[in-house]
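Asker: Curious how this folds, go ahead:
(2 chains)
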Amino acid sequence: MPYKSDSLHILVIEDQLGDFILIKNYLKKEQNNTRISRAVRFMEAENLLKSSTFDAILLDLSLPELDDRKALVKKVVLLANKSPVIVLTSFSDTEFGVKSLALGISDYLLKDELNAAQLSKSIHYGIERKRIESQLMESENKYKNLFDSSPLPMWVLERCSCRFLSVNAAAVDLYGYSREEFLGMSIKNLWAGIDETETEILNLIRKDGFFKLNISHIKKNREIIHLKIQSNPIIFDGKEARVALANNITASLEAKRALKNSEQRFKALVQDGSDLVMILNFDGNLTYVSPSSKLVIGITAEVLINYNLFEFIHEDDVNQVKDSIAMLQSKRRIQIPSYRIRTSKNKWKWIETILTNLYDDTSVNGIVANSRDITEFVKQEKELMESLKRYNIVEKATSDTITDYDMQNDVMHYNEGMELMFGYTQDQISTKGSWWDDKVHPEDAVRVKNKVNQVYEKGHGNLQVEYRFRCADGNYKYILDRTYLVTDEQGEPLRMIGSMQDITEIHNYIETIERHNNRLKEIAWTQSHVVRAPLSRIMGLIDSLENFENMDDQAQLLSHILTSARELDGIIRKINSKTTESISQSPIC
Amino acid sequence: MLKIIIIDDDDIMVFLQRKIFQRCGLAKDPNSFNAATAAIEFFKCEEINQHFLIFLDINMPEMNGWQFLDILKEMKISKNVFVIMVTSSIDCYDKEKAGSYKNVIDFMEKPVSIKNCNWIKEYVMLKEFFPN
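Answerer: Take a look at the predicted model:
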């Protein structure tokens, strides 16, 4: 009965020719086209097995050169590779035949009971079994590959001990432990901070059935990672085990956390910030009011949302706000000029609002109004304006030139005095400090500089100094400068603000008076000499007359006295006319 | 020997002073110049070891008493010259100014009297020239 249509190629390892012929006949009888090769000795069989493949090998165990039959069987089985090996024994060897099954042979037959049908059946059975065996191995290898080269970390655990039985390359990669290290470890070594749920997890592992869980593991480098694990029960090497697939979700968890933080932060900014955030439509109806409304206008968000925003705006300002909102039809963002909004106490607060049209954002679907309380600012601004106004009036009222020098930026500002007092045009005036320096009379420059430096060094105080300042026409004016130094909190000089008073007139007046005085002094001096000259002469002459008696030249002395007296008379008349003249020339007081 | 010199543009004053100096024995025949410039010329030719006492008027045309003193102090002879300023002025400013010249030993208001002349003889720096 033929089992297989293909011709079989069978190696018969048989030293006894008689037995070989017998076997050959049996084989041919069952299947005529069977090709048969014979090896007499093991060496011969070895060569044949290495050079060609056989469908089956029949091995007679009574080969003379091999005493160790067990070794022989092993060698042949190894050489036969995937082909079945059938051992032929004699009665006396039955026991060994049974044993040799464990060595990998597919069957053993008793030579004495051999017949064609039995031999054929054994051969075909052996071939078929080998084929199935190899298929099984291939499939096993496939699955093993699937485990080993999975991109996701996988491992096999013994269920009762939780020890690793196998890990794949991805797990080695992820955790940083070598395969050998893993095999000496338990899954518990990887757990990070699960003290409370430990028993629960151990129960899951020991119980039958699939489970999945999220867990934190610690890597060899102490880094904590977060995983999603799926585990299935299997039998591994005959042991109750679990195969687990791990998914590293550390990065996605962190991303989620970051998103959550950012959301919370944003929420905090809107809800707890001091800015009032509202969402409204073009008609002023509100769809969202941030909780800060309580803080800003004293009305809670829950109450305010039921009203129209326009109802809270000052009647003088409401049209301006409406106009601004209408402009959002064509513009995305608009800042409304400051306006007044009514508070819970029926008082007005100044508000500044930035409007953004976010109708295109479905999560908003409206106009976002970001408002800030600027009441304090407006109040300060008002005060500042008043102070500025006052300053401007003072500046106009004074005939002085006001100077304001920003020392850090070397910028000098003047009021119109620079034009009115000194005749410079706007084009001629430079804001550089050096422009001013250049106009100070060269003879006064050093003195002025020294005075200014003294004030710098002291870091505070007033400066009062007189100097000459050049006008546009080249003439100099006498100036009384009073300057005040402004410093920052650290006492560093910031600005010098001063007034330049034109004292040319006063100065000239004083100068004229001084000149006059000098002239009068001169007159007095000259005249005291001129008047006293003849007078002293007369006194001297009389003294001579008195003291020296019997002077032979008495007549000459008397004549000198007369001459001198006449001279004196003439001089006195002259003085009288000169003084009258001098008085008429004096400045009018 | 001390030579007495009068510098004054007023002839009557010179006449009067000469008379008084002769009478009180200060000098028998004092030299006199009615212009300071002439006096300068005179000093240029004088011997260095000769001592002089000048009665110098302040107010003179061309070169006044101060200008004369300014030139004199630069001359070599200067250290042997004593000057008594004689002025008709009663201006105290002149008196102050006179103190700034080393050569000036006194300041007199005109007219110079006999009393004045007797004082002069008693001056410490002049005493050696008037033994009695």
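Asker: Nearest residue to B:Ile84 in space, ignoring adjacent ones along the chain?
Answerer: Spatial nearest neighbour of B:Ile84, excluding adjacent residues (C-beta to C-beta, 6 or more residues apart in numbering or on different chains): B:Asp106 at 4.6 Å. Yep, even glycine has a C-beta here, placed from its N, CA and C like the rest.
Asker: my guess is that neighbour is in a helix, correct?
Answerer: No. Counting by DSSP: H, G, I helix; E, B strand; the rest coil, B:Asp106 falls outside a helix, being strand.
Asker: Number of residues surrounding it?
Answerer: Residues near B:Asp106, counting by other C-beta atoms under 10 Å in any protein chain shown, number 16.
Asker: helix or strand for the residue of chain B found nearest chain A, which one?
Answerer: In chain B, the residue that lies nearest chain A is B:Pro111 (2.7 Å; C-beta to the nearest C-beta). Assigning secondary structure by DSSP states H and E places B:Pro111 outside every helix and strand.
Asker: Could you pull up the residues touching it?
Answerer: A:536-537, A:539-541, A:543, B:13, B:16 (C-beta atoms under 8 Å, 6 or more residues apart in numbering or on different chains).
Asker: Tell me which two of those residues sit farthest apart.
Answerer: Maximum pairwise distance among the contacts of B:Pro111 (C-beta to C-beta): 12.6 Å, between A:Asp543 and B:Met13.
Asker: Look at the two and report which has more neighbours.
Answerer: B:Met13 (28 against 17).
Asker: Can I take it that that one is in a helix?
Answerer: Yes. Counting by three-state DSSP, B:Met13 is found in a helix.
Asker: who touches the helix or strand harbouring B:Ala38?
Answerer: Using DSSP H and E, B:Ala38 sits in helix B:36-45. Applying C-beta under 8 Å, 6+ apart, the contact partners of helix B:36-45 are B:5, B:7, B:31, B:33, B:52, B:54, B:56, B:60, B:62-65, B:67-68, B:71-72, B:75, B:77, B:81.
Asker: number of nearby residues for A:Gln135?
Answerer: Residues lying near A:Gln135 (other C-beta under 10 Å) number 10.
Asker: Need the per-residue pLDDT for it.
Answerer: The per-residue pLDDT reported for A:Gln135 equals 88.
Asker: Next, find the distance separating it from chain B.
Answerer: When distance is defined by C-beta to the nearest C-beta, to the nearest Å, A:Gln135 is 142 Å away from chain B.
Asker: which of the residues in the host helix or strand of that residue are buried?
Answerer: Using DSSP H and E, A:Gln135 falls within helix A:116-148. Counting neighbours by 16 or more other C-beta atoms under 10 Å in any protein chain shown, one finds that the buried residues in helix A:116-148 are A:116, A:119-120, A:122-124, A:126-127, A:130, A:147.
Asker: Next secondary structure after that helix?
Answerer: Helix A:116-148 is succeeded, C-terminally, by strand A:154-158 (DSSP H and E).
Asker: follow-up on the earlier one: which of the contacts of B:Pro111 fall in helices?
Answerer: A:536-537, A:539-541, A:543, B:13, B:16 (DSSP state H).
Asker: quick one: contacts for A:Trp155?
Answerer: For A:Trp155, the contact set (C-beta under 8 Å, 6+ apart) comprises A:164-168, A:171, A:182, A:187, A:243-244, A:246.
Asker: Restricted to helices, list the contacts of helix B:36-45.
Answerer: B:65, B:67-68, B:71-72.
Asker: Specify which member of those is nearest to A:Lys439.
Answerer: Set against A:Lys439, the nearest of the ones in helices among the contacts of helix B:36-45 by C-beta to C-beta is B:Gln67 (42.4 Å).
Asker: Return the per-residue confidence for the closest one.
Answerer: 92.
Asker: just how off-centre is stretch A:80-91 within its chain?
Answerer: 78 Å (C-alpha atoms, centre = their mean, to the nearest Å).
Asker: Can you give me the buried ones in it?
Answerer: A:80, A:83-89.
Asker: What's the mean pLDDT across it?
Answerer: 82.
Asker: quick one: terminal-to-terminal distance for stretch A:352-369?
Answerer: One end of stretch A:352-369 to the other measures 10 Å (C-alpha to C-alpha, to the nearest Å).
Asker: Would you mind checking the average pLDDT for it?
Answerer: On average, stretch A:352-369 scores 88.
Asker: who's in contact with that stretch?
Answerer: With C-beta under 8 Å, 6+ apart, stretch A:352-369 has contacts from A:276-282, A:287-288, A:309, A:321, A:324-325, A:328-329, A:331-336, A:338-339, A:370-372, A:374.
Asker: Just the buried residues of those.
Answerer: Neighbour-count burial within those applies to A:276-280, A:309, A:321, A:324-325, A:328, A:334, A:336, A:338-339, A:370-372, A:374; the criterion is 16+ other C-beta under 10 Å.
Asker: Of those, which belong to strands?
Answerer: Those of the buried ones among the contacts of stretch A:352-369 mapping onto strands are A:276-280, A:334, A:336, A:338-339, A:370-372, per DSSP state E.
Asker: Having no further points to raise, I will conclude here.
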